[in-house]
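Participant: generate coordinates for the sequence data below:
(4 chains)
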2 protein chains.
Amino acid sequence: RTEPMTAKTPRYDNAHAVARLKRAGLRPTRQRIALTGLLFRHGDRHIGAEALHSEAIAAGIRVSLATVYNTLHQFTAAGILRQVVVEPARSYFDTNTGNHQHFYNDEDRTLIDIPDQAIAVSGVPQPPKGTAIERVDVVIRVRRA
Amino acid sequence: RTEPMTAKTPRYDNAHAVARLKRAGLRPTRQRIALTGLLFRHGDRHIGAEALHSEAIAAGIRVSLATVYNTLHQFTAAGILRQVVVEPARSYFDTNTGNHQHFYNDEDRTLIDIPDQAIAVSGVPQPPKGTAIERVDVVIRVRRA
DNA sequence: TCCTCATATTAGAACCATTCTAATCTATTG
DNA sequence: CAATAGATTAGAATGGTTCTAATATGAGGA
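Facilitator: Just a heads-up that it's a prediction; the model follows:
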């Protein structure tokens, strides 16, 4: 059932994708399986909906942009993707859901992971009454030196 | 020249606004003077373009939404406002341009300042080759406890 | 295998914050 | 006060995202 993959494209066959989807409680549909492959086949990556859609189309996967949006949000809700907010009017999704932060270059829209251990945020005060801290996001904005 | 300020509505008259605009290298037009008043009359605040426009209209200031957008961006470029990115598809502008960070409640879109001294980010690694760090933004995401 | 149906997918329209356009005003300078 | 660079404006355009309601499909049961 699982087809051989060339060396170039690291293994992430349908069986893996299906397993991951089931673990996340998502029905393994043709589109979700294919998108899972694109997303997690290579290492950590940051990608937007339109870009992922283009990539899918280029790879011969028949999927609508709406489904790509749906899928990215479902994956985020399921915890297998993380949404990164670094600029208004554009969303990035990060396949690395572990604790880490980002460099962001506004000029060329580059997002780069910073491993968790590197950064520490100290002195975080009490959150406002009636709220609890959900996550601490650090964006280090860089520009051409 | 500096006038006494009342406790309730701190004074921010046209003379102040004009002075601030000139200092920023911006021509003190009727609209900019009025918006400067709205923005800096009270203490620190976070506001979006549409909200500021509504506020202006409510205050009887005749100004177009386009001008509000232009003005917010010019003020940001001039360094008298700071743009805060906390969610896709919506921009906030902060009248506090000093070094500080934010709590953000996604549920009710509340932005709250955290004074600079409180927070420290350590272990920031070298920025990517050819770039320099411009700013470190920390957003502490909170939710109803 | 074949039904059934809850769930997914889809094309295209709708949305909405923001930006653009090109026409009209207005501060500033001479 | 005239000239003009710069600012404002209404309305159209943009662009990423979400919605709609019609169609398709995976999962479980007969």
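Participant: okay, CA-based contacts and neighbour counts for the rest of this
Facilitator: Will do.
Participant: stretch A:91-104: end-to-end distance?
Facilitator: 13 Å (Cα to Cα, to the nearest Å).
Participant: distance between that stretch and the chain's centre?
Facilitator: With Cα atoms, centre = their mean, to the nearest Å as the basis, stretch A:91-104 stands 7 Å off its chain's centre.
Participant: list the contacts of it.
Facilitator: The contact list for stretch A:91-104 (Cα atoms under 8 Å, 6 or more residues apart in numbering or on different chains) reads A:39-40, A:44-49, A:72, A:79-86, A:110-117, A:119, A:137-142, B:88, B:127.
Participant: drop anything exposed from those.
Facilitator: Buried members of these, scored by 16 or more other Cα atoms under 10 Å in any protein chain shown, are A:39-40, A:45-49, A:72, A:80-86, A:111-114, A:119, A:137-142, B:88, B:127.
Participant: chain B contacts on chain A?
Facilitator: For chain A, the contact set with chain B under Cα under 8 Å from any Cα of the partner chain comprises A:85-91, A:103, A:114, A:118-125, A:127, A:130-145.
Participant: those: which ones sit near DNA strand C?
Facilitator: Restricting the residues of chain A next to chain B to those touching DNA strand C (Cα under 7 Å from any atom of the strand) yields A:88-89.
Participant: return the subset of the residues of chain A next to chain B lying in strands.
Facilitator: A:85-87, A:90-91, A:103, A:114, A:120-122, A:131-144 (DSSP state E).
Participant: okay, now the closest residue to A:Asp113 other than its chain neighbours: neighbour count?
Facilitator: The shortest distance from A:Asp113 to any residue other than its chain neighbours is 4.7 Å, reached at A:His102 (Cα to Cα, 6 or more residues apart in numbering or on different chains). When counting by other Cα atoms under 10 Å in any protein chain shown, one arrives at 19 neighbours for A:His102.
Participant: check which helices and strands the lengthiest helix in chain A is in contact with.
Facilitator: Secondary structure assigned by DSSP state H gives helix A:65-78 as the longest helix of chain A. Where contact means 3 or more Cα pairs under 8 Å, 6 or more residues apart in numbering or on different chains; DSSP states H and E, helix A:65-78 is packed against helix A:30-40, helix A:49-58.
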